[in-house]
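[1] I'd like to go over a predicted model; first the sequence, then the structure.
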Amino acid sequence: MSNYSERISRILAESSLTLVNFCEKVGLNSTTTIAKIVSENRKPSSKTIGRIINAFPDISYEWLTTGRGEMQTQSKKPKEIREDDLTVTAKQILKKLQEDRIHYDLTRKEMNEVNFKQMFDKFNDLENRMEAYAIQASSTVNDKLTLLAKNYDNSYLVALDKILRIEQDLENINTFMAQAFETEKIQAKLKSKLKTKPNERT
């Protein structure tokens, strides 16, 4: 294509864009510039060309400015690779990759089996340890309960002994008080008799 009008029109057609949409995409507020390029085949400014290339990076700069070459850059074109085009080295690499893939799958399977066995063994070990901890904890609790019961029994016996001693002391005090009272009564009677005897003599 030898003119800008046809090249811009092709971009519009292949992009399925209206003139307004195209201008919005390239960052132009008005359609005047692009409309004049298409209708009057005016040469766009370098700034406008830059906007178009930035908005459509797959468009070849050389094609847009000169019309030479392909519209799309080579990097954007899909390339079909056939087996006949592959070199011997490429085929060897593909074969090696396939072998590595098989080896990787087998290794992963073995690792999964090993990991599963290790996880199972760890689970059993954890279960056994938990059981041992439970037994140990139960034994510890029983020992503590036994010690508490023993301490309670000892405290009870000590308290009972103190109560018995207090009761004995109270009984002793009562006995002492009773004896003292009787003694005072006897002494009072003796004093009374001693006082009445001289009168009897006279």
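    That came through fine. Residues are numbered from 1 along each chain as shown.
[2] where exactly do the helices run in the chain?
    4-15, 19-26, 32-40, 46-55, 61-66, 88-201 (DSSP state H).
[3] could those be laid out in a markdown table, adding mean neighbour count, distance to Q72 and mean pLDDT?
    All C-beta spots, glycine's among them, are computed from the backbone N, C-alpha and C. Output for the helices of the chain, formatted as a markdown table (neighbours: other CB atoms under 10 Å; distance: least, CB to CB, whole Å; pLDDT from 0 to 100):
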| stretch | mean neighbour count | distance to Q72 | mean pLDDT |
| --- | --- | --- | --- |
| helix 4-15 | 16 | 9 | 92 |
| helix 19-26 | 16 | 17 | 94 |
| helix 32-40 | 15 | 20 | 92 |
| helix 46-55 | 15 | 12 | 93 |
| helix 61-66 | 15 | 8 | 91 |
| helix 88-201 | 10 | 26 | 74 |
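[4] Out of the ones you listed, flag the one nearest T73.
    Set against T73 and scored by CB to CB, the helices of the chain come closest in helix 61-66, at 8.5 Å.
[5] before we move on, back to that, now tabulate the helices of the chain in JSON lines and tack on distance to T73.
    Below are those laid out as JSON lines (distance: least, CB to CB, whole Å):
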{"stretch": "helix 4-15", "distance to T73": "14"}
{"stretch": "helix 19-26", "distance to T73": "18"}
{"stretch": "helix 32-40", "distance to T73": "21"}
{"stretch": "helix 46-55", "distance to T73": "10"}
{"stretch": "helix 61-66", "distance to T73": "8"}
{"stretch": "helix 88-201", "distance to T73": "25"}
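[6] could I get stretch 55-71 in CSV with only the CA atoms?
    In CSV, the C-alpha atoms belonging to stretch 55-71 read as follows (Å, rounded to 0.1, in the frame of the first residue of the first chain):
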residue,chain,number,x,y,z
ALA,A,55,-2.0,1.9,20.8
PHE,A,56,-1.3,-1.0,18.4
PRO,A,57,2.1,-2.5,19.3
ASP,A,58,1.6,-5.4,16.9
ILE,A,59,1.5,-3.0,13.9
SER,A,60,4.9,-2.7,12.1
TYR,A,61,6.3,0.8,12.2
GLU,A,62,7.9,0.3,8.8
TRP,A,63,4.6,-0.8,7.2
LEU,A,64,2.7,2.1,8.8
THR,A,65,5.2,4.7,7.6
THR,A,66,6.3,3.3,4.2
GLY,A,67,3.9,0.5,3.3
ARG,A,68,6.7,-2.0,3.0
GLY,A,69,6.7,-5.3,4.7
GLU,A,70,4.0,-7.0,6.6
MET,A,71,1.3,-5.1,8.6
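[7] what's the distance between it and the middle of its chain?
    Centroid separation for stretch 55-71 versus its chain: 53 Å, with CA atoms, centre = their mean, to the nearest Å.
[8] With stretch 64-74 instead?
    55 Å.
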